[in-house]
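Undergrad: Could you look at this predicted model? Sequence included:
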Amino acid sequence: MAPLPKKAFLRDYVRGVVISLFLGLGIATLMYFAAPKFFGLRIFAYGTLIALLISSFCILLEAALEPWIRKREPVVQKLSRAAVYFIGGNAGWFAATWIARELSLVHPQIFSFGRRMMLVNGSIAIVIGFLFYGFGVMRDRLAENVSRLKEHEFAEKELETARSIQRRLLPSPEIEGEGYRLAARNLPARFVAGDFYDSFHLEGGMYGVAVADVAGKGMGASLIMASAKASLPLIAAGRTSEATLRVLNDKLAGELGPREFVALSYARYDPVEGTLELSNAGLPDPYLLRHGDAPFALSVPGPRLPLGLRRGVAYESLRVTLTPGDRVLFLTDGLPEATTSAGEPLGYEALGPLLPADGHAPGRSLDELLARVRRATSETLEDDWTVLLLEHGRLAAAAAPALSA
């Protein structure tokens with residue numbers, strides 16, 4: 001039991017004395033009705049005096065020795081408290097008896113019980129003392145639990161605020177422009193996500209599209225996510241996709257810790273020409289989805305090391321020419337690594353048939369994809385899920401995707 005502040009100690013002292021007075025008066029009442037001629041009415045004054053002095057001696061003695069007792073082993077603590085209550089109980093009884101003798105409150109026979117009275121009185125003091133101590137322990141635990149609940153409630157409010165801010169940092173989940181349609185979904189495994197997606201305008205009518213996965217989860221990952229997302233559009237301005245990743249990698253390598261990194265897939269999209277310049281730093285290959293064909297993985301050549309692990313990584317790019325109606329699906333590894341009911345990762349082979357091959361709007365296609373993956377895996381997300389679907393409009397045509405390093 002932790003030491004109490006002065007005001008709390010006085011409050012508990014008064015409470016203990018009042019309870020002891022009621023106990024003392026109760027015992028005196030029993031004694032009076034058992035033998036009214038022997039004890040007389042003055043037994044009530046004697047009982048009150050005993051209760052007052054015993055409780056005071058026990059409480060004050062325990063308070064004085066509490067710092068010493070708390071440093072001992074649990075068994076020694078209990079033995080020490082028993083001794084404190086026994087000594088305090090008998091000291092209070094002797095003091096009350098001496099005062100009662102001087103004031104002639106009770107019959108002289110009451111003082112002839114000797115050692116038997118000491119044992120009875122000490123035993124009663126030990127039992128009552130441990131009861132009060134138990135109440136004190138329960139009070140401290142209750143106060144500690146209330147404090148923890150308040151801290152937990154405050155932390156939940158803070159996390160909810162962080163989640164709301166993070167949602168506002170992400171672009172609109174569905175965007176439609178001249179020559180393209182885009183939809184994205186971001187499902188955090190916790191209150192806040194380490195994954196993010198972004199889309200932004202570039203020079204010459206180009207469009208930047210990115211999906212990223214920050215190492216870890218929770219608040220730490222979300223802060224790295226916010227920093228990387230804020231830097232990406234500024235660095236991407238006027239640079240190719242591979243140059244953007246090289247500059248962003250060197251920047252993050254000087255800012256992040258040893259086990260912190262950002263896996264990111266970034267593309268420069270030209271809605272007029274229908275070209276997509278793609279670079280990848282550690283994320284799963286995006287998929288080209290063309291009506292009537294199987295999903296085609298867009299694998300970028302060269303290093304695929306996540307951003308921030310080391311400087312000077314020579315990222316490369318892949319150039320894809322899209323035909324009207326073609327779609328490119330970006331995703332983080334939360335989907336293929338989601339756990340099935342058998343406890344195994346879903347895997348890329350099983351993910352392929354679940355990819356959207358319909359002609360629905362991009363947003364509806366993504367919602368159906370996530371629903372299919374949820375049905376194939378467990379309900380609980382162990383990692384963030386982020387997907388982005390870019391659909392090319394009818395401003396360019398090509399017979400097949402052209403791939404070049």
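TA: Sure, I can see it. Residues are numbered from 1 along each chain as shown.
Undergrad: Only C-alpha atoms from now on, for both contacts and neighbour counts.
TA: Will do.
Undergrad: Residue ranges in the stretch 301-405 of the chain under the pLDDT threshold?
TA: Filtered on pLDDT under 70, the stretch 301-405 of the chain yields the residue ranges 358, 394-405.
Undergrad: how about a cut-off of 90?
TA: For the stretch 301-405 of the chain, the stretches with pLDDT under 90 are 334, 337-346, 349-361, 374-385, 393-405.
Undergrad: contact partners of the helix or strand containing Leu276?
TA: Using DSSP states H and E, Leu276 maps to strand 275-281. When contacts are defined by CA atoms under 8 Å, 6 or more residues apart in numbering, strand 275-281 is touched by residues 240-242, 245, 263-270, 300, 303-307, 315-322.
Undergrad: among those residues, which ones are buried?
TA: Listed as buried from the contacts of strand 275-281 are 240-242, 245, 263-270, 300, 304-307, 315-322; burial here means 16 or more other CA atoms under 10 Å.
Undergrad: Looking at these, which are in helices?
TA: Ser241, Glu242, Leu245 (DSSP state H).
Undergrad: Format those as a markdown table; extra columns: distance to Glu203 and pLDDT.
TA: Formatted as a markdown table, these follow (distance: CA to CA, whole Å; pLDDT from 0 to 100):
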| residue | distance to Glu203 | pLDDT |
| --- | --- | --- |
| Ser241 | 13 | 96 |
| Glu242 | 17 | 96 |
| Leu245 | 18 | 96 |
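Undergrad: Can you tell me which of these is nearest Ala357?
TA: Distance to Ala357 across those (CA to CA) is lowest for Ser241, with 27.2 Å.
Undergrad: Pretty sure that closest one sits against Leu264.
TA: No. Assessed by CA atoms under 8 Å, Ser241 is found out of contact with Leu264, at 11.3 Å.
Undergrad: ok so, going back, strands paired with the following helix or strand past the strand holding Leu276, and their directions?
TA: Under the assignment DSSP H and E, the closest C-terminal helix or strand after strand 275-281 is strand 287-289. With DSSP bridges as the test, strand 287-289 is paired with strand 296-297 (antiparallel), strand 327-331 (antiparallel).
Undergrad: Quick check: closest non-adjacent residue to Leu390.
TA: What sits nearest to Leu390 in space, not counting adjacent residues and going by CA to CA, 6 or more residues apart in numbering, is Leu182, at 4.6 Å.
Undergrad: what residues go with each domain of the protein?
TA: 6-156, 174-392 (automatic domain parsing).
Undergrad: Least reliable of those by average pLDDT, please.
TA: Mean pLDDT values for these show the minimum at domain 6-156, a mean of 65.
Undergrad: hey, where'd the strands end up in the stretch 101-250 of the chain?
TA: Remark: strands assigned in the stretch 101-250 of the chain by DSSP state E, counting those that start in this stretch are 174-177, 180-187, 195-201, 207-214.
Undergrad: for the second one, packing partners?
TA: The elements that strand 180-187 packs onto, with contact taken as 3 or more CA pairs under 8 Å, 6 or more residues apart in numbering; DSSP states H and E, are strand 174-177, strand 195-201, helix 362-376, strand 385-392.
Undergrad: Check which helices and strands the second one sits against.
TA: This means strand 195-201. The contact analysis (3+ CA pairs under 8 Å, 6+ apart) places strand 195-201 against strand 180-187, strand 207-214, helix 218-236, strand 385-392.
Undergrad: what helix or strand is Arg81 on?
TA: Going by DSSP H and E, Arg81 is in helix 74-103.
Undergrad: counting contacts, what elements does that helix pack onto?
TA: So helix 74-103, by 3+ CA pairs under 8 Å, 6+ apart, packs with helix 43-70, helix 114-169.
Undergrad: Now do the residue nearest to Thr275 when sequence neighbours are not counted against Asp198, distance only.
TA: Excluding its sequence neighbours, the residue lying closest to Thr275 (CA to CA, 6+ apart) is Thr321, at 4.5 Å. Thr321 is 21 Å from Asp198, where distance means CA to CA, to the nearest Å.
Undergrad: again with Phe57
TA: 72 Å.
Undergrad: Check Gly282 too.
TA: Relative to Asp198, and taking CA to CA, Gly282 is found at 17 Å.
Undergrad: tally of neighbours for Ala342?
TA: 9 (other CA atoms under 10 Å).
Undergrad: got the buried residues for the strand holding Leu276?
TA: Buried residues in strand 275-281, counted by 16+ other CA under 10 Å: Thr275, Leu276, Glu277, Leu278, Ser279, Asn280, Ala281.
Undergrad: how about the residues you listed, which pair is most distant?
TA: The distance between the two most remote of the buried residues of strand 275-281 (CA to CA) is 20.0 Å, for Thr275 and Ala281.
Undergrad: Contact partners for the closest residue to Leu276 other than its chain neighbours?
TA: Excluding its sequence neighbours, the residue lying closest to Leu276 (CA to CA, 6+ apart) is Tyr269, at 4.5 Å. By CA under 8 Å, 6+ apart, the residues touching Tyr269 are Met206, Tyr207, Gly208, Val209, Thr275, Leu276, Glu277.
Undergrad: if I read this right, the first one contacts Arg268, doesn't it?
TA: Yes. Checked against CA under 8 Å, the pair Met206 and Arg268 is within contact range at 6.6 Å.
Undergrad: hang on, the earlier thing: can you check which of the strands of the stretch 101-250 of the chain gets nearest to Leu390?
TA: Evaluated over the strands of the stretch 101-250 of the chain, closeness to Leu390 peaks at strand 180-187, with 4.6 Å, by CA to CA.
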